[in-house]
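Q: Predicted model and sequence follow; I will ask about them next.
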Amino acid sequence: MRGSNWAPATIDLSVRIYTRLLAVYPDRFRAEYGHHMSQVFRDVCRRDYQRRGMAGMTSLWARTLLDLIRTTVEEHIERGLHMNHEKFVRWSGWALMGGAILFAAGQAIGNLDPNRNDPIGGVGASYEIGAIVGLALGQVLFVIGFLGLRAGYMERGGSLGGMALIVSVIGAGLSLAGILMMGVTESELAWQAWAIGLLTMTLGLAVFGVVALRRKVFARWNFAPLLAAATLLLPLSGLAGDSAVTVAAFSIGLVLVGFRMQAEAGRTG
Amino acid sequence: MAEAAKSPENFLPLTPAVFHVLLALADGEKHGYAIMQEVEDMTGGSVQMGPGTLYGSIKRMLTAGLIEESDDRPDPALDDERRRYYQQTGLGRKVLRLETERMAELMALARRKHVLARAG
C-alpha cells in the first residue's frame, strides 16, 4: 500500500481529523499552538507512513490519541488554576475596596455617637453596634483583600512585599478578634487586641507600600498603599489626633489599591 | 518571587520533556518537528513526544523564560514561513547545565555503590 495513490489522502484525512480533535484544548492554547500542532502531526504522518505504511499510521494514531487525552486534561487544569487565581485577585480587590468603605463607615458611626465623650460613660447602643458591625465586616474584607493582594503581586513585590502582606493579614485577623471580643466583653484585652492588630496590619501595609514605590508593583498609583498606611500610622502612634480626615485618607488609599487589583487581575502573576 | 523563580536552581529537577527539549536546542534553534525528531534520534526512539506534550512543554518553557522564539531561519527558501523556531535563553542554558550536573552526580553516586555493575 505504501506509495499508492491514496497515501496522501490517508495523510490528509488523518490531519483533518486531528485538526478537528484539537477543539478539545482550551481556546487560547489552540489559537496559539493549534496550527503548529497540526503541522507537526502532518510531518510525523508523512514520516511514519514512509517508514512503516499503515502499521506506522496506526501506531502513530494510538500514541497521538493518548497524548491528546493527557495533555488536554493538563491544559484545562492549568487554565482553571489560572482563571481561579485571576478571579480571586479581582474579587479580593473589590473586598479591599468594600473593607475600606466599611471601616470608614464604622469609624464615622462611632464618632456620631452623642454620648461618646460623656464622662459618666454612657453609649448609644445603636451607634456602638453600627460601629462594631462596620469595623468587623471591614476587617473580614481586609483579610481577604490582603490575601488577594499577596496572591496577585507577590511576584512583583518580592519576598519582602509578600512577608509584609502576611503581617497585614495577621494584623487584620487580630484586629477582627479584638472587635468581636468587644461585642461580648468590656475587657481591656479586646481593645488591646484591636489596637495592636490594627497597628500590625498598618505596619505591614507600610512596608508593602515602600516596596510598591520602589518596584512599581502596580501599573499606576504605587503611592496608594503607603498613603493608606502613613495616614493611619500617625494617629495610631500618637503623633497626630484621630480624625475623620486620616480615616478618610486611609480608606481612599485602600480603595485605590483595591481598584488597581481588580483592574490588573488578568495581568498579575 | 520573580527573582526566586528565575533562579536556575528553582527549576530542578526538570521533567523529562523539558530536559529533552532543552537538550535538543543545545546546538541551535529548531522548529517543533525538528525538536521532536531530535529527541527521538537522541533517545533511539524510546522517547516519542506527541504534539500536545511538545507544545505544552514549549508554552511552559516560554513562560518560564527557558526558551524564546527565534527570528532566524536557517534556510528560508526550504522552510514554511509560518513555522516557529525556538532557541535556548541564557537561563535555559544554565538550567540545562545544572540539571546535567545533578544527573552526573547521581550517576557518580550510583557508580560508587556499584549499582550499574550489579544491574549489568
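A: Yep, that arrived. Numbering: from 1, shown residues only, chains lettered A, B, ... in the order given.
Q: Please report how far residue A:132 lies from chain B.
A: According to Cβ to the nearest Cβ, to the nearest Å, residue A:132 stands 37 Å off from chain B. Every C-beta, even on glycine, is put in place using the N, C-alpha and C of the backbone.
Q: Identify the residues contacting that residue.
A: A:106, A:179, A:182, A:183 (Cβ atoms under 8 Å, 6 or more residues apart in numbering or on different chains).
Q: Just the buried ones from these, in ChimeraX syntax?
A: Here is the ChimeraX command that selects the buried residues among the contacts of residue A:132 (16 or more other Cβ atoms under 10 Å in any protein chain shown):
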select /A:106,179,182
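Q: Sort out for me which of the contacts of residue A:132 are in strands.
A: Nothing among these maps onto strands, per DSSP state E.
Q: Check the contacts of residue A:132 and tell me the two furthest apart.
A: Pairwise distances across those peak at 12.6 Å for A:106 and A:183 (criterion: Cβ to Cβ).
Q: Leaving out chain neighbours, which residue sits closest to the residue of chain B at minimum distance from chain A?
A: Here chain B gets closest to chain A at one residue, residue B:50, 2.5 Å apart by Cβ to the nearest Cβ. Among residues not flanking residue B:50 along the chain, residue A:67 sits closest, at 2.5 Å (Cβ to Cβ, 6 or more residues apart in numbering or on different chains).
Q: Also residue A:203?
A: Nearest non-adjacent residue to residue A:203 (Cβ to Cβ, 6+ apart): residue A:167, at 6.7 Å.
Q: Tell me who's in contact with that neighbour.
A: Listed by Cβ under 8 Å, 6+ apart, the contact set of residue A:167 reads A:200, A:201, A:203, A:204, A:207.
Q: how far away is it from residue A:39?
A: From residue A:167 across to residue A:39, the span is 51 Å (Cβ to Cβ, to the nearest Å).
Q: same deal with residue A:64?
A: Counting by Cβ to Cβ, the gap from residue A:64 to residue A:39 is 14 Å.
Q: Quick one: neighbours of residue 82, just the number.
A: Using chain A here. As a burial measure, residue A:82 scores 14 neighbours (other Cβ atoms under 10 Å in any protein chain shown).
Q: Please refer instead to chain B.
A: 9.
Q: Where does the nearest residue to it once chain neighbours are set aside fall, secondary structure wise?
A: Counting by Cβ to Cβ, 6+ apart, residue B:82 lies nearest to residue A:35, which is 6.9 Å off, once chain neighbours are set aside. Using DSSP states H and E, residue A:35 sits in helix A:27-112.
Q: name the helices or strands packed onto that helix?
A: helix A:7-21, helix A:125-184, helix A:244-264, helix B:32-42, helix B:51-64 (3 or more Cβ pairs under 8 Å, 6 or more residues apart in numbering or on different chains; DSSP states H and E).
Q: Can you pull out the residues in contact with the shortest one?
A: Yep, that's helix B:32-42 we're talking about. A:36-37, A:39-40, A:43-44, A:47, B:20-21, B:23-25, B:30, B:47-49, B:51, B:54-55, B:58, B:83-84, B:86.
Q: can I get the CA coordinates of that helix in PDB?
A: Extracted C-alpha coordinates of helix B:32-42, given in PDB (Å, rounded to 0.1, in the frame of the first residue of the first chain):
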ATOM      1  CA  GLY B  32       8.700  22.000  16.600                       C
ATOM      2  CA  TYR B  33       9.000  19.000  14.300                       C
ATOM      3  CA  ALA B  34      12.800  19.200  14.300                       C
ATOM      4  CA  ILE B  35      12.800  19.200  18.100                       C
ATOM      5  CA  MET B  36      10.600  16.100  18.100                       C
ATOM      6  CA  GLN B  37      12.800  14.400  15.600                       C
ATOM      7  CA  GLU B  38      15.900  15.200  17.500                       C
ATOM      8  CA  VAL B  39      14.500  13.800  20.800                       C
ATOM      9  CA  GLU B  40      13.600  10.600  19.100                       C
ATOM     10  CA  ASP B  41      17.000  10.300  17.400                       C
ATOM     11  CA  MET B  42      18.800  11.100  20.700                       C
END
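Q: Who are the contact partners of residue A:17?
A: Here residue A:17 is in contact with no residue (Cβ under 8 Å, 6+ apart).
Q: re the thing from before, model confidence over the helix holding residue A:35, on average?
A: Per-region confidence: helix A:27-112 scores 90 on mean pLDDT.
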